[in-house]
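Chemist: Please find the sequence and the predicted model below.
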Amino acid sequence: EAENLMGFMIGDFADKLRSVKRMDLLEGISEQALAYVEAAQEEDTGWFGTTAQEPSFELRFQHALSLQAMAEVRYYRDDANTAEKLYEQADKGLEALLSEQPNNFELLKAAGANAFWLGNIALEADDLTFANSQFKRYLAFSEKMLTLEPDNDTALMEVSYATNSMGSVAYRQLEYAQALSYFESSLAYKQQILEKSGESISAVTALANSHSWIASTLMNLGNTSEAIKTLESAEAMLTKQLASTPGNATIIENLSFVKVNIVDSIKFTTDIANRVEKLNEVQSLLSNLLTQDPDNSIWKSHYLNVGT
């Protein structure tokens, strides 16, 4: 029973905390989960591993998930180096588990998430080659999920995210036409999900994210007016969703980022009043987020940048 409870805490419950960006709560849970799992593994193997018995598959999976959760917290606490090391540890464990159960849907999802984060950290460090290799792994894991369960919305969403990630590398490489192709493919996947599942928070924010990437790419291709229209479409979707779920950190975060992108886009126009209004709206949104988690380094950084 304790093992099942821990699996729920580091699995479904941790995902719920991620969805509302409560890294403060995820931090406590991940630390408890890791301590429990390591103690349970030690009990299974004996002191200093003196017996040949290996911990159960479930315990080793929970260990990898606990490392992932701790890594994510460190990332949002502006400690990418520690986050990367924890993701690397988790990656070794997940690869070993995949060699035992290569068609385990939840395991493939976890492995894909791990590959995404390793790629994302590399992308932020301008290591585009490594980022691209990790995003390819992410896409491969996601496509296998979709092969196993073709009607599964989670699998389809992961494929869309992974495709978008591939586009982000092309974007950073200034390959804008290729990037736009990836982003539009990702958008098509997300629209399928929206049509099937309705306007869920995850579907709407995912769709808005694709609109933002497409708009940024259009800007670099010289199509400013179409870029602004695309961003305003994303802004309208998120504003509507926020009205039905006020205070949701995921929506507020995405809405603030979209508004920042609108500000960046309209600086090429003469609409100064709209730019000032949007900046004030962004400050208000980010201030709301920081009341929920004052230690979130991403939010703090954006708040300071908007104010300067």
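Modeler: That came through, no problem. Numbers count the residues shown, from 1 in each chain.

Chemist: how about Asn254, what does it touch?
Modeler: Contacts for Asn254 were tallied using CB atoms under 8 Å, 6 or more residues apart in numbering; they are Thr205, Ala208, Asn209, Leu238. All C-beta spots, glycine's among them, are computed from the backbone N, C-alpha and C.

Chemist: With adjacent residues omitted, what lies nearest to it?
Modeler: Nearest non-adjacent residue to Asn254, counting by CB to CB, 6 or more residues apart in numbering: Thr205, 4.8 Å away.

Chemist: For that neighbour, grab the count of nearby residues.
Modeler: 21 (other CB atoms under 10 Å).

Chemist: element containing it?
Modeler: Assessed by DSSP states H and E, Thr205 sits inside helix 201-220.

Chemist: Which residue ranges of the stretch 151-300 of the chain form helices?
Modeler: Ranges of helices in the stretch 151-300 of the chain, per DSSP state H, counting those that start in this stretch, are 153-172, 176-197, 201-220, 224-244, 249-266, 272-292, 297-307.

Chemist: Just give the nearest non-adjacent residue to Ser181, would you?
Modeler: Leaving aside its sequence neighbours, Ser181 sits nearest to Gly167 (CB to CB, 6+ apart; 7.6 Å).

Chemist: Thought Trp213 was touching the one you found, still the case?
Modeler: Yes - between Gly167 and Trp213 a contact is recorded at 6.3 Å, counting by CB atoms under 8 Å.

Chemist: roughly how far apart are the residue nearest to Asn254 and Ala115?
Modeler: Taking CB to CB, to the nearest Å as the measure, Thr205 falls 21 Å from Ala115.

Chemist: Neighbours of Ser165, how many?
Modeler: So Ser165, with other CB under 10 Å, has 24 neighbours.

Chemist: contacting residues for it?
Modeler: Phe116, Gly119, Asn120, Phe135, Tyr138, Leu139.

Chemist: same question, Gln101
Modeler: Counted by CB under 8 Å, 6+ apart, Gln101 has contacts Phe57, Leu107.

Chemist: before we move on, back to that, which among the contacts of Asn254 end up buried?
Modeler: Neighbour-count burial (16 or more other CB atoms under 10 Å) applied to the contacts of Asn254 gives Thr205, Ala208, Asn209, Leu238.

Chemist: Mind putting these into JSON lines with distance to Ala227 and pLDDT?
Modeler: Below are the buried ones among the contacts of Asn254 laid out as JSON lines (distance: CB to CB, whole Å; pLDDT from 0 to 100):
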{"residue": "Thr205", "distance to Ala227": "19", "pLDDT": "91"}
{"residue": "Ala208", "distance to Ala227": "14", "pLDDT": "94"}
{"residue": "Asn209", "distance to Ala227": "15", "pLDDT": "93"}
{"residue": "Leu238", "distance to Ala227": "17", "pLDDT": "95"}
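
Chemist: Farthest pair within those residues?
Modeler: Across the buried ones among the contacts of Asn254, no pair lies farther apart than Asn209 and Leu238, at 9.9 Å, counting by CB to CB.

Chemist: on that earlier part again, gap between the residue nearest to Asn254 and Lys190?
Modeler: Thr205 sits at a distance of 10 Å from Lys190 (criterion: CB to CB).

Chemist: now the contacts of Asn254 in TSV, with distance to Tyr303?
Modeler: Below are the contacts of Asn254 laid out as TSV (distance: CB to CB, whole Å):
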residue	distance to Tyr303
Thr205	20
Ala208	20
Asn209	20
Leu238	18
